[in-house]
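Engineer: this is a predicted model, with the sequence first.
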Amino acid sequence: MLDLPARREGRADGPALADAFATPADAFATPAGAWGLALPLHGFGLAGRVLAVTIGFVFLAMSLFYVSRLTAHREMWLHNKISGAQTTVEAFGLAGTTPPPQDLAQKILHSVDVKWLAVETPLGRREFVIAGGPPVGAESVTTDESSYFESLTATFHALFATAGRVVKLSAPAQANEPAIEFAFDETPLIQSLWRVSGNFLAISLMIAAVVTCVLWAALWRMVLQPVRRLTSNIIAFGESPQDASRVIAPSGRRNEIGRAESALAVMQGSLAHELAQGKRLAELGMAVARINHDLRNILSAAQLISDRLATIPDPLAQRLAPRLVATLDRAIQFCQSTLTYGASRELPPSRRRFDLSELVMQVVESGTAEHEVAIDYNIDVPPLFCVYADPDHMLRVLENLSRNAAQALMAKGATDGRPKAIRFAAIRTDGLALVEISDTGPGFPPDQYDRIFEPFHKSTSDVGAGLGLAIAADLVTRNGGAITLAPAKADDFYCGARFLIKLPTAEGTRKSGRVASDARELLP
C-alpha cells in the first residue's frame, strides 16, 4: 500500500559555482614595485597589457638570439683569420729553412692584412713585420674562451672598440703546422660585427612584427575576446539582474573560458530566477496588505451570520454550524498572520498530539461538498492515528494537496480511463508517521520534479498564485517533518501524483528525547 521511496540527495551545483567566482578583489592586486611591468602598464586594459608583454617577450627572445649569433660570428671570423694566416705561412714557406726576402714578406703580410707575424720553428722564433717594427701595446685576443660569458664580453668589447685598434692573436701548434702569432687591425672585424647587427636588426623587426601579429591574433581570438565578452555580459547583467534575457549564452567551448561561461550562465539564471520570485513575493505582499483589512471585515460579518445559523433547530444546521464557525475562525486567524509568511521571525508551530484521521475526514468533507460526486475520496487511515504536529498547519497542508489533486483531475482528467479518485493513506514505521496523498491524475512531468515546491511554480493549473505546494512544504518542515514527491507506479491504481509526508509521533519524540538525554549523560 505505502512504501518508503529511495532517498535522493539534491545537487548543489549552483552554490558551488557561485563560490568559485566569489574571488576577493585584493587577490588580483599587484604589490607596489612587484615586477617591472606593474608600473609601466598601469592604466592599460587587459588587451594593452597582453600586447605590451607579447612585444616585450618577442624582443627579449630575439635579443638572446642576437647575442648568441653575434658571438658565434666573431669566433668564426677569428678562426678564418687564423686559417688564412696558417695558409699563408705554409704556402710561402715562412716556416721553412730559407725565409723569403724582407720586401716579399712585407707584401705577403699586406696581402692577408696582417701587420706582424711570428712563427715558432725548430730553428727558433722567426718574425715578419710590415713597417715600424713589432706593434707596441697591442691587446691580445684569443679564441675558444673558457666560458660563454667571457666570449660574450669579448664580442661586445670588440663591437664598441675604436677603429684602427691593433690586436694580437695566437694559434697553438698543430700536427705538421707551426705555432704562429700575428697582429692585425681590428677595424674589419668591427665593421663586420656592425654589419651583422644591422642585418639582424632588420630581420628581427620583421620577425617580431609577424610573430607579434600572429600571436596577438591568436590571443585575441582564444583569450581576450571571450574574456571581454564575459566582462561585458557581467556589467550588462549587473545593471538589470532581474532581466533573464541578459543571461549569457555559453559559446560551447571546452576550455576553462567555456566552463566559466557555463558556470556564469547557471549563476545568472539562478539569480534572475530568485530576483523574479522576490519581486513577485513583494507584489503579492503588497496585494495581501491592501485586501487584508477588508477581508477581515467580510469574514467577521460571515462569522456573525454563522453564529445565527447555530441557533436554527434544523439538525443539519446544528451539525454543520460548528464546523463553519471553526472554519471562519481559522480563516480570520490565517488572514491576520498572512503578512508574517516568509518573514525573518515566524511564530513557532503549536505542536501537540492529535488524531490525523479526524483531520482527513474534515478535508474529505470539504472536498466532497465542493466537487459533490465528481471525485471519489478513499480514506485508508487507521482510527486514532495520532501524530505530533500543529493541527492547523497539517490541515492546511492536506487541504492544499487535496485541492491541487482535485484541480488536476477536473482540468486534465484521470489516467487510462480510471475514475477520478484521491486516496489518503498512513502507516507507522521507526517512530515516524508516513502519510500518502495520491490520485489517479496525470501526475507531474519529469522536468518539474525539482521545482514543484518552489514558490509561484504552477504545477497543476494556471489558476492561483502557485504557492500551495511551497506553503505545504514549508509547514511540514517547520513541524519537524519532510515532504517528497514519490515516483509514480504504473501498476498501482493511484498512478498519478504521490506525495509522501513524514511526520513525528509522540512516541518517536519521547524516544528521541531519551536518546539525547542519554547522550548528554555520557558526555564528560
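Structural biologist: Received the coordinates, thanks.

Engineer: mind checking the SS state of G278?
Structural biologist: Three-state assignment for G278 (DSSP: H, G, I helix; E, B strand; the rest coil): helix.

Engineer: check it and give its pLDDT.
Structural biologist: Here the pLDDT value assigned to G278 is 78.

Engineer: what's around it, how many residues?
Structural biologist: Counted with other CB atoms under 10 Å, residues neighbouring G278 total 12. C-beta here means a position set from N, CA and C on the backbone, and glycine is covered the same way.

Engineer: what does G96 give?
Structural biologist: Other residues within reach of G96, judged by other CB under 10 Å, total 14.

Engineer: distance of it relative to T121?
Structural biologist: 8 Å (CB to CB, to the nearest Å).

Engineer: same question for R418.
Structural biologist: Counting by CB to CB, the gap from R418 to T121 is 124 Å.

Engineer: cool, and P349?
Structural biologist: 119 Å.

Engineer: pretty sure L500 belongs to a strand, no?
Structural biologist: Yes: when classified by three-state DSSP, L500 is found to be part of a strand.

Engineer: ramachandran angles for T162?
Structural biologist: The phi and psi values for T162, taken as degrees, to the nearest 10, are phi -80, psi 150.

Engineer: cool, and D380?
Structural biologist: phi -120, psi 50.

Engineer: same deal with F453?
Structural biologist: phi -100, psi 10.

Engineer: grab the most central residue of the chain for me.
Structural biologist: A260 (4.5 Å; CA atoms, centre = their mean).

Engineer: could you tell me the backbone phi and psi angles at it?
Structural biologist: Dihedral angles for A260 - degrees, to the nearest 10 - are phi -60, psi -40.

Engineer: with adjacent residues omitted, what lies nearest to it?
Structural biologist: L230 (6.7 Å; CB to CB, 6 or more residues apart in numbering).

Engineer: who are the neighbours in contact with the one you found?
Structural biologist: I248, I257, A260, E261, L264 (CB atoms under 8 Å, 6 or more residues apart in numbering).

Engineer: from G84, how far out is the third one?
Structural biologist: Right, the one you point to is A260. Counting by CB to CB, the gap from A260 to G84 is 65 Å.

Engineer: which positions within stretch 173-192 qualify as buried?
Structural biologist: P178, A179, I180, E181, F182, A183, F184, D185, E186, L189, I190 (16 or more other CB atoms under 10 Å).

Engineer: check stretch 66-77 too.
Structural biologist: Buried-residue list, stretch 66-77, by 16+ other CB under 10 Å: Y66, L70, T71, H73, R74, E75, W77.

Engineer: do stretch 471-488 as well
Structural biologist: 471-476, 478-481, 483-486, 488.

Engineer: which pLDDT value belongs to E177?
Structural biologist: For E177, the model assigns a pLDDT of 77.

Engineer: L94 is in contact with that one, correct?
Structural biologist: No: using CB atoms under 8 Å, E177 and L94 do not qualify as a contacting pair, with a distance of 11.7 Å.

Engineer: picking up where we left off before, tell me the one of the buried residues of stretch 173-192 nearest E370?
Structural biologist: Lowest distance from E370 to these (CB to CB) belongs to I190, with 108.7 Å.

Engineer: am I right that that closest one is in a strand?
Structural biologist: No: I190 sits outside any strand when classified using three-state DSSP, being helix.

Engineer: quick check: it touching A161?
Structural biologist: Yes: if you go by CB under 8 Å, I190 and A161 touch, sitting 6.0 Å apart.

Engineer: now do the helices in the stretch 351-500 of the chain.
Structural biologist: According to DSSP state H, counting those that start in this stretch, the stretch 351-500 of the chain carries its helices in the segments 356-371, 391-412, 468-478.

Engineer: element containing A272?
Structural biologist: helix 256-309 (DSSP states H and E).

Engineer: please tell me how far the residue nearest to the centre of the chain sits from M222.
Structural biologist: From A260 to M222 the distance is 14 Å (CB to CB).

Engineer: so how far is the one helix or strand L51 maps to from its chain's centroid?
Structural biologist: Counting by DSSP H and E, the element that carries L51 is helix 46-91. Distance of helix 46-91 from the chain centroid (CA atoms, centre = their mean, to the nearest Å) equals 46 Å.

Engineer: and the next helix-or-strand element following that helix, what does it pack against?
Structural biologist: Counting by DSSP H and E, the element after helix 46-91 in chain order, helix or strand, is helix 102-111. Contacts defined by 3 or more CB pairs under 8 Å, 6 or more residues apart in numbering; DSSP states H and E place helix 102-111 against strand 124-129.
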